[in-house]
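Enquirer: predicted model follows, preceded by the sequence.
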Amino acid sequence: MGPAADRGQETTGIEVAEAFKNVIKSKTVLITGVSPKSLGESTALAIARHRPAKLILASRTESKLQQVADGIAQVDSSLEVELIVINLSSQADIHDAAGKVRALTDRLDILINNAAVVTSARGETTEGIELQFGTNHVGHHLLTSLLMPLLLAGAEASGEPGTTRIVNVSSLGYRLSPIRFHDYNFEGKPVPPEEEPPAGIPSHMKPDAAAGRPYYAFTAYGQSKTANMLHAVALKEKLSCKGIQAFAVHPGSIWTDLSRNLSEEDLKIIEGTSTFWKDQDQGCATTIAAAFDPDLCGAKQAFLSDCHLEDVAEYAKDSVIAEKLWQLSEELTGESAKL
Ligand SMILES: NC(=O)c1ccc[n+]([C@@H]2O[C@H](COP(=O)([O-])OP(=O)(O)OC[C@H]3O[C@@H](n4cnc5c(N)ncnc54)[C@H](OP(=O)(O)O)[C@@H]3O)[C@@H](O)[C@H]2O)c1
């Protein structure tokens, strides 16, 4: 494929991986959220074509992980593929899984935090954190912190600053909510105006505690995806001096199993959110660009869409807000990353 300027919404992950095959070769890559038809699967399949040193697939359901591993074996049966069962909605499970990863490898070059859940009904993690925030962000924050020694070892061994990377799969759905520091759990606590959904979001598409609706699914999803972006901002600030880059990406709109826990009404809303639906291979292109494009080694911006860096709302890129979220996440996990 041609230069970066040619990449856009129709670019596939296979094309991007082909362009960066020399970068992929010999890298140890961990991807969360891997099951048939998911973006985790297409990401793994595209990377698998170019001889990574090791592919570690970490997800909730063992049988689904195995199905994807069987597909990868058809691409390259000699590839080293490791499967880790992890429930990102349980911090004890994340500790356990991170220990298993540390036993498998002494370095990580690329961490792709891709798993997510979306749910119309309010749920909670094992620790009682609202399910989307707790799984999509807090779970990945904890996993990233626990894997930090492996990432630092990867950066030290590579000797090429910016090629060790953390990629958080976020969403343009971040536009639905900033971080609600005063009510991240959706318990109906009052939040200041700057933590409310942005102007222009209709009242039926936000929480309304007075009307008995302290939780609204897409606000909670939006908060969790804003958190993925701010996590990347904080990681970039803390780690670029150590040779590690971090990005968040919007993969596009793709029909996957992500909407499985949505009501009919919420599904209809999703159907109206895009004029261009990507297939799974197109849906992993931006993630693969963020993970391997050498031109991004010194990038100051932390967000990509359609394979390009893109500017975002202040509340999703402000380093003071990013640090505030980092502190909250450390409080919620009781874990302080050793940077
Ligand atoms: N699809 C889109 O249009 C779209 C748009 C914007 C952003 N995104 C983002 O893209 C990423 C991938 O989503 P997708 O569309 O591929 O969705 P998906 O098909 O539902 O895949 C999500 C993956 O996450 C795993 N997962 C869910 N909860 C988990 C948990 N508690 N612990 C561990 N793994 C868990 C799922 O495992 P099981 O299947 O075993 O439950 C599945 O493998 C997400 O971050 C999503 O927010 C997607």
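Expert: Happy to help now that I have it.
Enquirer: next, the buried residues of stretch 192-206.
Expert: 195, 197, 201, 206 (16 or more other Cβ atoms under 10 Å). C-beta here means a position set from N, CA and C on the backbone, and glycine is covered the same way.
Enquirer: Three-state assignment for the second one, please.
Expert: Of the three states, residue 197 takes coil according to DSSP: H, G, I helix; E, B strand; the rest coil.
Enquirer: which residues does it contact?
Expert: If a contact means Cβ atoms under 8 Å, 6 or more residues apart in numbering, then residue 197 has 176-178, 205-206, 219, 222 as its contacts.
Enquirer: now the nearest residue to it once chain neighbours are set aside: phi and psi?
Expert: Of all residues not flanking residue 197 in the chain, residue 206 sits nearest, at 4.4 Å (Cβ to Cβ, 6 or more residues apart in numbering). With angles defined as degrees, to the nearest 10, residue 206 sits at phi -150, psi 160.
Enquirer: any idea of the pLDDT on residue 206?
Expert: With respect to pLDDT, residue 206 scores 96.
Enquirer: which bits of the chain sit near the ligand?
Expert: Contacts of the chain with the ligand, taken as Cβ under 6 Å from any ligand atom, map to 33-35, 37-40, 59-61, 64, 86-89, 114-117, 135, 169, 171, 250-251, 253-254, 256-258.
Enquirer: hmm, back to that, would you list the buried entries among the contacts of residue 197?
Expert: Counted by 16+ other Cβ under 10 Å, the contacts of residue 197 give 176-178, 206, 219, 222 as buried.
Enquirer: so which of the residues you listed is the closest to residue 240?
Expert: Closest to residue 240 out of those is residue 178 (24.3 Å), distances taken as Cβ to Cβ.
Enquirer: identify the residues contacting that closest one.
Expert: So residue 178 contacts 194-198, 223, 226, 313, 315-316, 321 (Cβ under 8 Å, 6+ apart).
Enquirer: next: residue 251.
Expert: 39, 169, 171, 278, 283-284, 286-287.
Enquirer: closest one to residue 98 out of the contacts of residue 197, please.
Expert: Minimum distance to residue 98 across those is 27.5 Å, recorded for residue 222 (Cβ to Cβ).
Enquirer: so the closest one touches residue 172, yeah?
Expert: No - using Cβ atoms under 8 Å, residue 222 makes no contact with residue 172, being 9.6 Å away.
Enquirer: residue 310 and residue 304 touch, don't they?
Expert: Yes - in this structure residue 310 lies within contact range of residue 304 using Cβ under 8 Å: 6.4 Å.
Enquirer: and those two? Which one has more around it.
Expert: Higher neighbour count among residue 310 and residue 304: residue 304, with 25 against 13, using other Cβ atoms under 10 Å.
Enquirer: now that one: closest residue in space, sequence neighbours ignored.
Expert: residue 249 (4.8 Å).
Enquirer: and the one you found, what does it touch?
Expert: Counting by Cβ under 8 Å, 6+ apart, the residues that residue 249 touches are 167-170, 286-287, 290, 303-305.
Enquirer: got the CA coordinates for the helix or strand harbouring it in PDB?
Expert: For residue 249, the host element (DSSP states H and E) is strand 244-250. Below are the C-alpha coordinates for strand 244-250, written out as PDB (Å, rounded to 0.1, in the frame of the first residue of the first chain):
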ATOM      1  CA  ILE A 244       7.100   3.700  25.400                       C
ATOM      2  CA  GLN A 245       4.400   5.400  23.200                       C
ATOM      3  CA  ALA A 246       0.700   5.200  23.900                       C
ATOM      4  CA  PHE A 247      -2.300   5.900  21.700                       C
ATOM      5  CA  ALA A 248      -6.100   5.500  21.800                       C
ATOM      6  CA  VAL A 249      -8.000   4.700  18.600                       C
ATOM      7  CA  HIS A 250     -11.500   4.800  17.200                       C
END
